[in-house]
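[1] I'd like to go over a predicted model; first the sequence, then the structure.
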Amino acid sequence: MSAPMEVDEPMETEVSESKWLVEKARGCIKSDAYTAKSLLITARTLFPQDLSIQFEAYCIEKAARNVKPSAALLLEMFKHFHEEAILWQELQLVTHALQSEYQDTSAEFLQELFESLPAEAQFDILLRCADHATDTFQKCKLKLLMIKKFPDAIMEHGVVLVESLLEAEKAGDKLGAVNHFRKLLVCEVLPIICATENMQLSAKQYSKWLQRAMEFYMVYLSQPNRRSETSPVSPTGPPDVLTQGSGMGVQDKDGMLANPWKNLHQLLILISERCDWVTKCIPSHERSFRDQWQHISGSHDKNEDFHSSTLRKPTFYATVLLFLRAVFKYACGIDPNQFASMSNATTSQQPAMVLLDDLESKKKSKRHKHKKRKYEAGELRDPGDSDGSDDSPQFPPATVCLNKSLGITQELVDSFQTAVDCWQFLTSHELFEKDLTWLLHRWKAEKWQWLTAFQIDKFIYRGEFGQCLRLLQDEHKSLAQIQPAEENPGEFGQCLRLLQDEHKSLAQIQPAEENPVMLKTLVQMTAAYFRLGQYSSACEMTLNAMWILPESTSEGGSQKRPPSPERQPHSSKHLRQLQLVPCTTSMVMPFFVQLLLLSYKKKTFHHGDTNDSALGHMLVLMQYDWPKEENLFFEVIKRIKKEGEFAYTIFFNYVVCADMLEEFAFLKTEEGGKIKLDLTATPQSSQRQRTITRGVSKGGKEDFKAAMERQMTRCGENVDQLLRKFLTTERDSLLQLLM
């Protein structure tokens, strides 16, 4: 039993002696540093295989901020004790300091220490630290640090690093396109590798990397605003991706990426150079949207050998990049609150914009001056033709009006026009269309609400029938019924189906009154139904929207008219005029009123279906922004005189316009034609505020006269509130008349 103790006794003595020397050195360090160092030199000589002695000497030199002695000791330990845990902990501190953006005195010292090591030792330390790391993301960051410091290592380790990041992302549980692995790959790794020549990689490999970079930047930029509860569908990845850690997003501490579009453009240039693509067809990032588009289209027109991949590929990716950038710019302009990257205290007060037909410009362009003179002379029988609704199978080209007071600048309009042109260009070439379709499918772009919104606006803008509706017919069978494709052709049909789909998804997310996106969708559905000639459905969407339209804050009898749009410079008078207007009550209400008026005019004047209720509803609607519709009012009066009688039993509930009341009072007189009126007056205050003239007091019936005079007391009522009540209370009648 005593033999083992005799064998171990020298070892225990050795350990105790080394420990004693270390403790003695620690005790002297504050009072006599030179004695402490001497003791440790002695200990290192006597016990060269004892890590604790070596590490204590390193700690003393490190505390004294002696760079070279510390580096020498660290290197010696790395050579002889690279398996020890305490050494790896120290090396981890060193590599962390090398990667840290926020420097303190300790990190600065460790950086100086590392830089004083021989280059070969630096490379070995980084490589072994990367291999030793258990966390995949940290391992990849160390490999990145290694190839940054030692470019010669890119050939051997660069592609492996890319594959490691892609595999880590793939292995992640439901990682979206925005995650730490993809960010490291796109923002730091790919620019280094793609700038390296002679990598011997295929163009296909580079293209895949470029596609992943484009997807990352687009999803990153278009992440939904966390403070906005109106975004029904997030892009790929979770909705709160900005705040998630563990590889599940880009955290707030990472900050916003600087110059994402410029970085993506530079990556396209680098990859084009590596693939020997023609870089001349790629426009400068600094140029305007229209200049970039002209560069791409001009380059395409000049080159006959377009089927060559060296020209086709850079043209395709340059156009896709310009398209995405233009759409994003447009989306930010019409609704900046939808993106976390754009939302701030200023934009939070800005309502979303909606693209609508300028019905007023259509009315004005419909009647030429010589026709107007003939109408005034009584030579034209039916002025109801100018209803702004086109029966022709083709719609004329459109232009989006400027309106600087609403923020509709030339740059915003140019971004939309450029996006439309790029889309048309990409989908008009078979190979481009195939590649684009594959890309959007791979990126799950159907979940990008901002892209869907652009597609809807594009269909409204182009106004083309007979192309796309049947492509989505099977996909949207569960949506609200519309006419079959052969009866309802064109891109407005596809636009309508997209809007229906959007409406359905929004309705499932939140109550409509809490979701302003719902209002925008209903407005656009109304416009699409109207342009398809489905006036009953258009009316139904209008009435649905009235339930969620915010109450007006204006005082007095009517809403303040929206600012007039500016016609595009050099635009033709034959172009359809489109307006981008805020989706607010003051901007949307005039559109609803005008659209309903046009729908009833179509039924009454065009189809010859004279219905007293339809005429009465038109009278109520014409009170909005009176006397804008004064000419139409006199046409209704003319129709009533022709019939000789008029029955509208809710007349006194909703008609409060003094001019209208006076005209109807005149109709009852001998001079007015003694028209039989059944208006069923309701009791009102007997206060008189305006004298009825034109003979009604002389021979009119006293009860009718009293009713009209009582109605005059309501002339100061808020017409906006009156119309809201009318459109909600009389919903069934309004719909039935358009069936």
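    Thanks, I have it.
[2] okay, now the sheet partners of the lengthiest strand in the chain, with direction.
    Determined from DSSP state E, the single longest strand within the chain is strand 576-582. Using DSSP bridges, the strands paired with strand 576-582 are strand 353-357 (antiparallel), strand 398-400 (parallel).
[3] any chance of the ones you listed in JSON lines, plus mean neighbour count?
    All C-beta atoms are positioned from the backbone trio N, CA, C, and that covers glycine. Listed next are these as JSON lines, based on neighbours: other CB atoms under 10 Å:
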{"stretch": "strand 353-357", "mean neighbour count": "23"}
{"stretch": "strand 398-400", "mean neighbour count": "21"}
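[4] which one of the ones you listed lies closest to residue 159?
    Closest to residue 159 of the strands paired with strand 576-582 is strand 353-357 (CB to CB; 45.7 Å).
[5] what residues does that closest one touch?
    The contact list for strand 353-357 (CB atoms under 8 Å, 6 or more residues apart in numbering) reads 333-335, 388, 400, 406, 408, 457, 460-461, 520, 523-524, 527, 531, 576-583, 588, 591.
[6] tell me where the model's unsure across the chain.
    Within the chain, the ranges that satisfy pLDDT under 70 run 1-51, 226-255, 304-306, 341-349, 360-396, 464-516, 552-574, 607-609, 680-701.
[7] hey, where'd the helices end up in the stretch 301-450 of the chain?
    Per DSSP state H, counting those that start in this stretch, the stretch 301-450 of the chain carries helices over the ranges 309-334, 359-366, 369-376, 410-427, 430-442, 449-462.
[8] what does the fourth one contact?
    Outside of helix 410-427, the residues within contact range by CB under 8 Å, 6+ apart are 288-290, 292-293, 296-297, 300, 316, 319-320, 322-323, 326-327, 329-330, 333-334, 400, 402, 432-433, 436, 454, 457-458, 461-462, 568, 580.
[9] about what we covered before: relative to residue 145, which of the helices of the stretch 301-450 of the chain is closest?
    The nearest among the helices of the stretch 301-450 of the chain, by CB to CB, is helix 309-334 at 29.7 Å.
[10] what packs against that closest one?
    helix 203-221, helix 260-274, helix 289-302, strand 353-357, helix 410-427, helix 430-442, helix 449-462 (3 or more CB pairs under 8 Å, 6 or more residues apart in numbering; DSSP states H and E).
[11] redo those as TSV? Include distance to residue 661.
    Below are these laid out as TSV (distance: least, CB to CB, whole Å):
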stretch	distance to residue 661
helix 203-221	57
helix 260-274	60
helix 289-302	53
strand 353-357	32
helix 410-427	44
helix 430-442	58
helix 449-462	39
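[12] and the ones you listed: which comes nearest residue 112?
    helix 260-274 (31.0 Å).
[13] got the angle for that closest one vs helix 203-221?
    Angular relation of helix 260-274 and helix 203-221 on a 0 to 180 degree scale: 180 degrees, by axes from the mean of the first three to the mean of the last three CA atoms, to 10 degrees.
[14] buried sites along helix 260-274?
    Using 16 or more other CB atoms under 10 Å as the test for burial, helix 260-274 gives 260-261, 263-265, 267-272, 274.
[15] thought residue 180 was touching residue 137?
    Yes: applying CB atoms under 8 Å, one finds residue 180 in contact with residue 137, separated by 5.8 Å.
[16] about what we covered before: of the helices and strands packed on helix 309-334, which is nearest residue 94?
    Checking the helices and strands packed on helix 309-334 against residue 94 by CB to CB gives helix 260-274 as the closest, at 29.6 Å.
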